[in-house]
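Novice: Sequence below, structure please.
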Amino acid sequence: QVQLVESGGGLVQAGGSLRLSCAASGHTFSSYTMAWFRQVPGKEREFVAAISWSGGSTDYADSVKVRFTISRDNVKNTVDLQMNYLKPEDTAVYYCAATLLPASRNERLYLSWGQGTQVTVSS
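Specialist: Residues are numbered from 1 along each chain as shown. Next up, the predicted model:
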């Protein structure tokens, strides 16, 4: 399985931007569909965005569409999430995840997870 480490979280004011990055170990990174999920304490983890192994296909939750952009670099073994026009309701722990299956919003299909990075958006 690929090992994942997120970075880039922090505190930002509403309307601001953050860029999350997920570094993957392993030489088969380009075989994986990658995704970002987020979780607020006491709530279920929710899908944010996914990108196909080639980067040619992406999917976004309606709540982040237009504001967030997922991208990947199969040479650097990284997947990023550019978050613009952040809202207080975007506050959560953000997780990077990987699967060898096609892109899905179902977290159960993702077998590799990072440790998470906290994003806090103040109003």
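Novice: Verify the stated contact: Ala97 with Phe37.
Specialist: Yes - between Ala97 and Phe37 a contact is recorded at 6.0 Å, counting by C-beta atoms under 8 Å. Every residue, glycine included, has its C-beta placed from N, CA and C.
Novice: Could you pull out the residues contacting both of the two?
Specialist: 107, 110 (C-beta atoms under 8 Å, 6 or more residues apart in numbering).
Novice: Find the nearest non-adjacent residue to the spatially most central residue of the chain, please.
Specialist: Taking C-alpha atoms, centre = their mean, the centroid of the chain lies closest to Trp36, which sits 2.3 Å from it. Distance criterion C-beta to C-beta, 6 or more residues apart in numbering; nearest residue to Trp36, sequence neighbours excluded, is Val48 at 4.3 Å.
Novice: do the same with Ser25
Specialist: Distances taken as C-beta to C-beta, 6+ apart put Gln3 closest to Ser25, at 4.2 Å, once the chain neighbours are dropped.
Novice: Near the one you found, how many other residues are there?
Specialist: Other residues lying near Gln3 total 12 when counted by other C-beta atoms under 10 Å.
Novice: contacting residues for the residue nearest to Trp36?
Specialist: 35-38, 60-61, 64, 68, 81, 94.
Novice: give me that answer again for 6 Å
Specialist: Contact analysis of Val48 by C-beta atoms under 6 Å, 6 or more residues apart in numbering lists 36-38, 61, 64.
Novice: Now do the helix or strand hosting Leu4: which elements does it pack against?
Specialist: Using DSSP states H and E, Leu4 maps to strand 3-7. When contacts are defined as 3 or more C-beta pairs under 6 Å, 6 or more residues apart in numbering; DSSP states H and E, strand 3-7 sits against strand 18-25.
Novice: Perfect, I'm done here.
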